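Participant: Predicted model and sequence follow; I will ask about them next.
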Amino acid sequence: MNSLGELERSVMDLLWASTESLSAYDLQAALASPASSGRELAATTILTVLSRLEKKNFVVRERDVRPHRYRAASVRAEHMADLMHEVLGGASDRTAVLERFVGQVTSEEAETLRRILAGR
Amino acid sequence: MVAAAITLGFVAVLLAWPLPALLTGATWAYRRPTLGLLVWQLVALVGGFSMIGSLVLLGAATFATDLPDAATGMWRFVTHNELPEGSSVWSLLALSGALFLTAHLLLNLLVTVVYAERERARHSQLITLLSEPMTDRPGTRLINTPAPVAYCLPGALTSITVLSAGLLQLLDEEELQAVIEHERAHVRLRHDIVLIFFTAWKVSLPWLPTARNASREVALLLEMHADDNALVHVGRGSLARAITIVSEGGALPQRSELSSAMPESTPKELRARLLRLA
């Protein structure tokens, strides 16, 4: 995946971990710390990433202060739940988008499958 | 012309119902999924063309005796707005039916492709933020969730295989390899393109049970096709175990939530996949 995507992920990880909203400069400092990616990035780069994330509704911008501050639109777990819902509880139309290895079955059905496996 | 129209119409009816009904669940297709997929694609393609073709022939039969004649007549109608000699309201009805059906099928294909592409982009965005690349396996990303999940997101330029932490915990090295090779086969063989045509067919003709069954059956044959490709790299036992373990989903709290959702693979389909590995 592209490095811009990875940068978006690092920024989101910081915003998800933070209890308060952060400015692009807070994020710049946090990303440069060795605990994170340790990368020195231009503030404009971070602002670009933030505006991309804002457009996709992952972050909310607080415009009443200067510099603008950003926070995650929803918690990480919620996005994860969305993702898993898409993957696991798919309407069959969705098979056109992602191809799963196998779907889930109930425990009785799993028992039948195990018997077939044992009978090999 | 009328005889040809009737013959073609007969072919269309045959391909719309009895033949697909015969094809569904055919054991020879499960033994050779490549052949099965080829036959399904032919049925859909020829079925569509014969439906449209029979309407065109029927419409042209009143004013033409052969195809070039019919083409000239229709062309003059389009360019000079001049009805061919002998044409009736029925010929117009049949011809506009053919036109409508063609437009309907093409538009639905377009809508399905656009919709799928949008879904894919959105999902890919979520995956970028929620998963990390696996350094030892290129093109593969890891999501940190206990449910054993494996899927691929085929794209025009980049395709991603997604594995979950739960999957890595439940499977041994060769079983994991089986899953990865299976997904890699989906991507390499562009199964998504085959699937999208059948999805579009289903969306276009929702009243036709065949269109619905066909997309399920084709999806199953694609899984078997991917299974066969995985078998080049791993043993049958490993693949069969991986299918069983992943379908069970482990003893996870999410299980009840999962089974309430519409299952993507029914137990019958999973049994068919397992049995051919036996």
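Facilitator: Received it, and whenever you're ready, just let me know what you need. Numbering: from 1, shown residues only, chains lettered A, B, ... in the order given.
Participant: CA only for contacts and neighbour counts going forward, please
Facilitator: Noted.
Participant: Which stretches in the stretch 1-150 of chain B count as strands?
Facilitator: Secondary structure of the stretch 1-150 of chain B (DSSP state E, counting those that start in this stretch): strands at B:131-133, B:140-143, B:150-153.
Participant: same check, this time on chain A
Facilitator: For chain A, applying DSSP state E gives strands covering A:22-23, A:59-62, A:69-72, A:99-100.
Participant: okay, the ones you listed in TSV with mean pLDDT and mean neighbour count next?
Facilitator: Output for those, formatted as TSV (pLDDT from 0 to 100; neighbours: other CA atoms under 10 Å in any protein chain shown):
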stretch	mean pLDDT	mean neighbour count
strand A:22-23	94	19
strand A:59-62	95	18
strand A:69-72	96	22
strand A:99-100	86	24
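Participant: Indicate which one of these is closest to chain B.
Facilitator: Ranking the strands of chain A by proximity to chain B (CA to the nearest CA) places strand A:99-100 first, at 4.0 Å.
Participant: Please tell me how far the closest residue to residue B:44 other than its chain neighbours sits from chain A.
Facilitator: With sequence-adjacent residues excluded and distances taken as CA to CA, 6 or more residues apart in numbering or on different chains, residue B:44 is closest to residue B:15, at 7.7 Å. According to CA to the nearest CA, to the nearest Å, residue B:15 and chain A sit 23 Å apart.
Participant: Model confidence at residue B:15, what's the number?
Facilitator: pLDDT, residue B:15: 93.
Participant: Next: the one 10 residues further on.
Facilitator: On pLDDT, residue B:25 comes in at 91.
Participant: Tell me how far it lies from residue B:17.
Facilitator: Using CA to CA, to the nearest Å, residue B:25 is found at 14 Å from residue B:17.
Participant: So which bits of stretch B:271-278 are buried?
Facilitator: B:271, B:273, B:274, B:275, B:277 (16 or more other CA atoms under 10 Å in any protein chain shown).
Participant: Say whether chain A is contacted by it.
Facilitator: Yes. Stretch B:271-278 reaches chain A (CA under 8 Å from any CA of the partner chain) through B:271, B:274, B:275, B:278.
Participant: out of the residues you listed, who's nearest chain A?
Facilitator: Using CA to the nearest CA, the residues of stretch B:271-278 next to chain A come closest to chain A at residue B:278, 5.1 Å.
Participant: Return the distance of residue A:114 relative to chain B.
Facilitator: Between residue A:114 and chain B the distance is 7 Å, computed by CA to the nearest CA.
Participant: so who does that residue touch?
Facilitator: Counting by CA atoms under 8 Å, 6 or more residues apart in numbering or on different chains, residue A:114 touches residue B:244.
Participant: what does residue B:51 give?
Facilitator: B:8, B:9, B:12, B:98.
Participant: Tell me the one of the buried residues of stretch B:271-278 nearest residue B:118?
Facilitator: Taking CA to CA as the measure, residue B:118 lies nearest residue B:273 of the buried residues of stretch B:271-278, at 30.8 Å.
Participant: Not counting sequence-adjacent ones, nearest residue to that closest one?
Facilitator: Per CA to CA, 6+ apart, closest to residue B:273 is residue B:224, 6.4 Å.
Participant: Could you report the neighbour count for the one you found?
Facilitator: Using other CA atoms under 10 Å in any protein chain shown, residue B:224 is surrounded by 25 other residues.
Participant: Report the contact partners of the nearest residue to residue B:164 once chain neighbours are set aside.
Facilitator: Excluding the flanking residues, the one nearest residue B:164 by CA to CA, 6+ apart is residue B:143, at 4.7 Å. Contact analysis of residue B:143 by CA under 8 Å, 6+ apart lists B:130, B:131, B:132, B:162, B:163, B:164, B:165.
Participant: Out of the residues you listed, grab the one that's most surrounded.
Facilitator: residue B:163 (25 neighbours).
Participant: Quick one, grab the pLDDT at that one.
Facilitator: 96.
Participant: need the contact list for the residue nearest to residue B:273.
Facilitator: B:30, B:33, B:273.
Participant: Regarding chain A, what is its longest helix?
Facilitator: If you go by DSSP state H, chain A has its longest helix at helix A:3-17.
Participant: For it, name the packing helices and strands.
Facilitator: The contact analysis (3 or more CA pairs under 8 Å, 6 or more residues apart in numbering or on different chains; DSSP states H and E) places helix A:3-17 against helix A:24-32, helix A:43-55, strand A:69-72, helix B:89-130.
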